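Trainee: structure for the following, please:
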Amino acid sequence: MKNILTLLIFIASFTLNAQEINKATIFKSDSIIYLNAVMRLDHKIVGYEKPDAKSRKMILLSIFTSDVENNPYNCPFGAYYDTTHMDGLTIKCLATQDNFIKAALLNDNQTKAVVYFEKNWVEWQED
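Mentor: Prediction:
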């Protein structure tokens, strides 16, 4: 009985933790990736140079000040709390590739770089 109770508590805590995660949204009408920071929801979303989580971090979206302030990961395109404060950058989904979303970093509709976000950090939404 004790083992079953422990298992149920573990499952309940995992479910609650999953509900405390903020994901980026891809709007199907224009493929723009949007993330609004919500203080009670955690997120740390990395745009990688290649579809490999061990490759260079190119841009970071995080709720944590220690990840954003002074760009500690030295991301060439910066570290931000959300997509509304990205110094004129826009992120547009180009395709899916295995467990990644291939996206363009745009500035004035010009592609500055192509980056890859892990799929588990994004969700699609109808407009």
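Trainee: after the helix or strand bottoming out on mean pLDDT in the chain, which helix or strand is next?
Mentor: Within the chain, no helix or strand scores below helix 2-19, which has a mean of 45 by mean pLDDT, DSSP states H and E. Sequence-wise, the next helix or strand downstream of helix 2-19 (DSSP states H and E) is strand 24-27.
Trainee: give the rounded mean pLDDT of that next one.
Mentor: For strand 24-27, the mean per-residue pLDDT is 84.
Trainee: next structured bit after it?
Mentor: strand 32-34.
Trainee: ok, now which ones touch the residue most central in space within the chain?
Mentor: Central residue of the chain (C-alpha atoms, centre = their mean): I45, 2.9 Å from the mean position. When contacts are counted by C-beta atoms under 8 Å, 6 or more residues apart in numbering, I45 is found next to A24, L35, L60, L61, S62, F117, E118, W121, V122. No exception for glycine: its C-beta is placed from N, CA and C like everyone else's.
Trainee: mind running it again at 10 Å?
Mentor: 22-24, 33, 35, 59-63, 80, 82-83, 91, 117-118, 120-122 (C-beta atoms under 10 Å, 6 or more residues apart in numbering).
Trainee: neighbours around E69, how many?
Mentor: Close neighbours of E69, defined as other C-beta atoms under 10 Å, add up to 10.
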